[in-house]
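Asks: Provided below for reference: sequence and predicted model.
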Amino acid sequence: MSIKSSSSDIFRQLTGLLHQLSDSDYAQPLVVLSGNTIGKHVRHILEFFDILVTGTQTGTINYDKRQRSLYLETDITEALHRMSVLDRCIHRMDLYHPLTLEGDLSVDGDNPINIPSTFARELLYNIEHAIHHMALIQVAVQDSFCHIVLPAHFGVAYSTVSHQHSH
């Protein structure tokens, strides 16, 4: 599977989940998520992809500078629309487009770093990041929404799925 196809697979899995939730389920604080919601995790995933896509225009990406859109984490229709737009944009991107990743690992925000990267490298990061959050979502679904059916590999790294199939 190509890296762009993998990102589409992530969006397909999330779309399948969202079609089974109501807006109130999507925005319901859950104990198993430490009071967070499935919507917050989906918003977080989508905002990272959004930062990557919009960062190709400036050449710089900084995942710390997210909008944290309340609308995106409470409205399933908005999340579905954003995924569709992001998927189309990602498929038009040049994988070798150079980017600079900005970040700061200090608590006080006084130690900025810049790391050279590419669209492909950051797309891979976004896929792995999404899978991590989807694993958390899977736990929440199993705990709180037993009527929802998820694919067997929802929230499981592609390398793990491959390893499981080889044994």
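Replies: Ah, there it is. Numbers count the residues shown, from 1 in each chain.
Asks: report the contact partners of the residue nearest to residue 103 when sequence neighbours are not counted.
Replies: Using Cβ to Cβ, 6 or more residues apart in numbering and skipping residues adjacent in sequence, the residue nearest residue 103 is residue 113, 5.4 Å away. All C-beta spots, glycine's among them, are computed from the backbone N, C-alpha and C. The contact partners of residue 113, by Cβ atoms under 8 Å, 6 or more residues apart in numbering, come to 102, 103, 104, 105.
Asks: for the closest residue to residue 119 other than its chain neighbours, give me the pLDDT.
Replies: Excluding its sequence neighbours, the residue lying closest to residue 119 (Cβ to Cβ, 6+ apart) is residue 97, at 4.2 Å. We have a pLDDT of 97 for residue 97.
Asks: run a quick neighbour tally on residue 97.
Replies: Neighbourhood size, residue 97 [other Cβ atoms under 10 Å]: 14.
Asks: nearest residue to the middle of this protein?
Replies: residue 45 (2.5 Å; Cα atoms, centre = their mean).
Asks: can I assume that residue sits in a helix?
Replies: Yes. Assessed by DSSP: H, G, I helix; E, B strand; the rest coil, residue 45 belongs to a helix.
Asks: that one touches residue 135, doesn't it?
Replies: No. Applying Cβ atoms under 8 Å, one finds residue 45 not in contact with residue 135, separated by 11.6 Å.
Asks: out of the contacts of residue 113, which is nearest to residue 148?
Replies: residue 103 (34.7 Å; Cβ to Cβ).
Asks: give me the buried positions along the helix ranked longest in the chain.
Replies: Among the segments of the chain that qualify as a helix by DSSP state H, the longest is helix 119-144. The neighbour-count check on helix 119-144 (16 or more other Cβ atoms under 10 Å) flags 119-123, 125-127, 129-131, 133-134, 136-138, 140-141 as buried.
Asks: who are the packing partners of it?
Replies: helix 3-18, helix 38-58, strand 98-104 (3 or more Cβ pairs under 8 Å, 6 or more residues apart in numbering; DSSP states H and E).
Asks: quick check: mean pLDDT of it?
Replies: pLDDT averaged over helix 119-144 gives 96.
Asks: repeat for stretch 28-42
Replies: Across stretch 28-42, pLDDT averages out at 97.
Asks: same check, this time on stretch 74-84
Replies: pLDDT averaged over stretch 74-84 gives 98.
Asks: for it, buried residues please.
Replies: 74, 75, 76, 78, 79, 80, 82, 83.
Asks: and of these, the nearest to residue 149?
Replies: When these are compared against residue 149 (criterion: Cβ to Cβ), the nearest one is residue 76, at 16.9 Å.
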